[in-house]
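Visitor: After the sequence you'll find the predicted model.
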Amino acid sequence: MDLVFFLILFPFIAAIVLLLIKADNMRSAVVGVSALLIAAVSVWLLAAYATSGTVFFPVSPEPLGELMFLIGMGIAIFILYMGVRYKNNIAIALTLIQSAMMVYFEFGISHGAVPENNFFVDQFSIIMALIIGIIGSLICVYAVSYMKDFHHHHPEHKDRRRTFFFIMFVFLAAMFGLVFANNLAWLFFFWEVTTLSSFLLIGYTRTDEAIKNSFLALNMNLLGGLAFAGALIWLASTGGGMELDKLIATGGIIALVPAVLISFAGITKSAQFPFSSWLVGAMVAPTPVSALLHSSTMVKAGVYVMVRFAPVLQGTTPGYMIALVGGFTFLLASAIAISQSNAKKVLAYSTIANLGLIVACAGIGTYEAIWAAILLIIFHAVSKSLLFLCVGTVEHQIGSRDIEDMNGLITRMPKVAVMMLIGMAGMFLAPFGMLISKWAAIRAFIDAPYGVIFVVILAFGSALTVFFWAKWMGRLISVPPPAEDAERRVNRTEWLVLSFLAGLMVLATVLFPLISSYLVEPWLRAIYGQVTLLAQENVVIMLIMLFLLMVLPISMLYYRKDHRQLKPYMGGMTTTSRMHFTGAIGIDREVTLGNYYLESYFGEQKMSKIGVPLCVILLAIMFAGVAVAGLMH
Amino acid sequence: MSIIYALLFLLLAPVAGGLIAGIDRRITARMQGRVGPPILQPFYDVGKLFEKEKVVVTNSQNFYVLCYLVFIALSGALFFGGGDLLLVIFAFTLAHVFLVLGAYASNSPYSHVGAERELIQLMACEPIIILAAVGMYMVTKSFYVADIAASNIPLIVFIPGLFAGFIYILTMKLRKSPFDLSTSHHAHQELVKGVTTEFSGPTLGSIEIAHWYEAIFLLGFVYLFFSWSPVIAVIAIIIIYVFEILIDNTFARVKWPLALKSSWLITAVLGILNLTALYIIGGFVK
């Protein structure tokens, strides 16, 4: 119990300390020590609770509940202030409606049922806590050196690093609260704190674009928040109770209505179509923010609650609609990723796509699908944080985040390039994590009713995925004429974080059978009474593949010897050593190679034009389905 | 999983693959009114390649080709060892990604375009291969090649659509016209040799051996559709291969958009229809 409270409260205390200190070296010391403590306690939590099943922590709702309500109102007032200041009427309207709902909930109907078990921890919370505690804090450590460079590179932005780190740590605290809360009203409080934190982080630079995109994120998430508040009111007025565990155990329509409303909130938070634009817009923020939003916080909060409610959604029409939204988002976002040359945008669409797959699994809700969903959450968090941070480092060294400018990175920044390759391999190649999860997802979809549509979506979606990752890999590893070594300037902290994450990527792949059998399987068994068992021999084969991938690079040593080096074939054209040739009318040209982006097939607008209306219709059917079921009740 | 079959594949597949390549060249020559080379010519060619000077554009390209060879052989060995079909497919994709990376590594214009096209082909082929595996699973209730091969259900009757789709992309996988976009066995490729432009000597020889492994693996996949009767299966494989040679010699190469669109359209239509039909009749199949 102490560990859980430590994880919620300590990041908050660290945040306040960071708000107060000004000196650079003091800040990095505090961030470093706090991150280490948070990560260590997350691991300690694993050691303490891994085998004990679900443990509840009865906490008196007084005065904590009142305090949360007051802070919530404070947040509402702050958002109203921001809405007035930046003249955003939608934000004002949404906040006013939500505040009215919460006041009604607090004073009108919530009396009577006072939940006892307000916090809990189980294997799924532990997995989430590890992701937040290890990956989230690593990103904070990385941010210290990144933000220093950032303000060095961008003197036009006001240095508000104290606020920045304050929000980063508040974010972590809220995420911990979110995964440990059993009281849904409290979970909602933490939920709203993450919405606010992401709003402030996206708008960090206060440029017009940043403000615009931060309000886009805010409004979409506030819309989800309305649905969440609606779920609380439904629960209070039907006497469903606020405790997550009891609600899921009850099932039926009492649980289905809040499950669907909260899943809608989850869809907004995890940036599914039609709400994907906020996450793409969020890339205006400094890179560590993107890394945090995409890997261990924010979007993961969305899928976390959906996976929690999956047993309720299983086999229902609304659940099926949610799964379809996820499935189509996976397919279309993967297609869009092909047409993008901006590295951060490719990563953003890949995140949206993978979250789509998790949402599809949650909507299907069978034990096989949930097994796949949890593994996707884990592996995606590791790979994506690594990739974002690598792109951040590359961007600071070569001054561009365009994939075409990363041509030959393997010669200019060999170590970072190798880490990026590991991260990308982790996203789509056997035997790494994401592929194992996709494999599990295929099996889950086959066994699910009407699963054929998801199997087809997955088959096409993974083909798209292979294309956009492999061509990016190709840019990195192509060996162009010698260029300057840009890697020496990368500082020690960034190296440390990147190497750690790359190691974690490989480690997670090696350890995933253990993660599955000690954490995921017991959790599934407790909820569904059934589990998926991995075929032992397939695990062995995958470990053999991993081993081969680690050993084969040794062959490079052999190939360095006695091979004569020539220039590439240029159709008989004479070229200089730097790949210049004499082109038409005698102009000296350099050979430049570019990737295919297939814009006319997979363009962002073209795909969104399909995805947005399609998913709006699916969500409308979802609401209609749950409304009909609710009225019949 | 049977290790013996896996080992037999590793030893014999290059021999069988080379022979098939030799017969292929002979039949092709006859179709074109030529005499053609001896059946063993592919072995002479590869043998000679291994005697050539080791020339590279960049050292790392050989590493990728080595990985390509190793993982093609591994996926074939897993397949013939009776392993999990989905895992086989993923290992197969991994192998191809290595070939593409090898082509990218040289930073050469011809192999670069070849690599892009190879990736497009990979994207075009992947869905139907996965769906075919899923179809086999739905009928036989197993993803294990050993179980599918041992099943006495005539798979082709239940998944004709998936079979047709697979045959369509088989042309691409065997690098035959009209889909020899990224590289070709013929001398009329506008990309010089596409993905393999910058490879020579022993490295090119390794690619050729990998290609033999690949051909045997793909024909093994075709076998699964007919596995209830080995005789019919062998006859089917022969007919299909001769058909591929005929197509190769009678069609001009198409552009990549047509290759991608047509294979996806066929996959989507036939795949969805066939799988849906399987769901509907699912209750009757034992």
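Guide: Cool, the structure landed. As the structure is a prediction and not an experimental result, all values here were calculated from the model.
Visitor: ok, now how distant is A:Cys390 from A:Trp495?
Guide: 11 Å (CB to CB, to the nearest Å). Any C-beta I mention is one placed from the backbone N, CA and C, and that applies to glycine too.
Visitor: typo on my end, A:Thr592
Guide: Distance from A:Thr592 to A:Trp495, by CB to CB: 31 Å.
Visitor: Equivalent analysis for B:Leu270, please.
Guide: 51 Å.
Visitor: Show me which of these two is the more surrounded one.
Guide: Neighbours were counted for B:Leu270 and for A:Trp495 using other CB atoms under 10 Å in any protein chain shown; B:Leu270 has more, 21 against 16.
Visitor: I figured that one hits B:Ala164, correct?
Guide: Yes. Counting by CB atoms under 8 Å, B:Leu270 does reach B:Ala164; the two are 5.8 Å apart.
Visitor: Keeping just the C-alphas, turn stretch B:240-260 into CSV.
Guide: Output of stretch B:240-260 as CSV, limited to C-alpha atoms (Å, rounded to 0.1, in the frame of the first residue of the first chain):
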residue,chain,number,x,y,z
ILE,B,240,1.3,-24.8,-61.9
TYR,B,241,5.0,-24.4,-62.5
VAL,B,242,4.7,-25.0,-66.2
PHE,B,243,1.8,-22.5,-66.2
GLU,B,244,4.0,-19.9,-64.5
ILE,B,245,6.6,-20.5,-67.2
LEU,B,246,4.0,-20.0,-69.9
ILE,B,247,2.8,-16.8,-68.3
ASP,B,248,6.4,-15.6,-67.9
ASN,B,249,7.0,-16.0,-71.6
THR,B,250,3.7,-14.6,-72.9
PHE,B,251,3.3,-11.5,-70.8
ALA,B,252,5.1,-8.2,-70.9
ARG,B,253,6.1,-6.6,-67.6
VAL,B,254,3.4,-4.4,-66.0
LYS,B,255,4.0,-1.3,-63.9
TRP,B,256,4.0,-1.5,-60.2
PRO,B,257,0.7,0.3,-59.5
LEU,B,258,-1.1,-2.4,-61.5
ALA,B,259,0.7,-5.2,-59.8
LEU,B,260,-0.2,-3.8,-56.3
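Visitor: Can you give the contact residues for it?
Guide: A:601, B:20, B:24, B:27-28, B:31-32, B:117, B:120-121, B:123-124, B:167, B:170-172, B:174, B:176-181, B:184, B:188, B:219, B:222 (CB atoms under 8 Å, 6 or more residues apart in numbering or on different chains).
Visitor: Check stretch A:592-608 too.
Guide: When contacts are defined by CB under 8 Å, 6+ apart, stretch A:592-608 is touched by residues A:273, A:276-277, A:332-333, A:335-336, A:338-341, A:403-404, A:407, A:464, A:471-472, A:474-475, A:478, B:107, B:109, B:112, B:116, B:119-120, B:257.
Visitor: what about burial for those, which qualify?
Guide: With burial judged by 16 or more other CB atoms under 10 Å in any protein chain shown, the buried subset of these is A:273, A:276-277, A:332-333, A:335-336, A:338-341, A:403, A:407, A:464, A:471-472, A:474-475, A:478, B:107, B:109, B:112, B:116, B:119-120.
Visitor: Just the residues you listed: which are in strands?
Guide: Within the buried ones among the contacts of stretch A:592-608, no residue falls in strands by DSSP state E.
Visitor: What residues does the residue in the stretch 151-286 of chain B that chain A sits nearest to make contact with?
Guide: Residue of the stretch 151-286 of chain B nearest chain A, by CB to the nearest CB: B:Leu275 (4.6 Å). The contact partners of B:Leu275, taken as CB under 8 Å, 6+ apart, are A:452, A:455-456, B:131, B:134-135, B:138, B:162.
Visitor: So what's the predicted local confidence for it?
Guide: The per-residue pLDDT reported for B:Leu275 equals 93.
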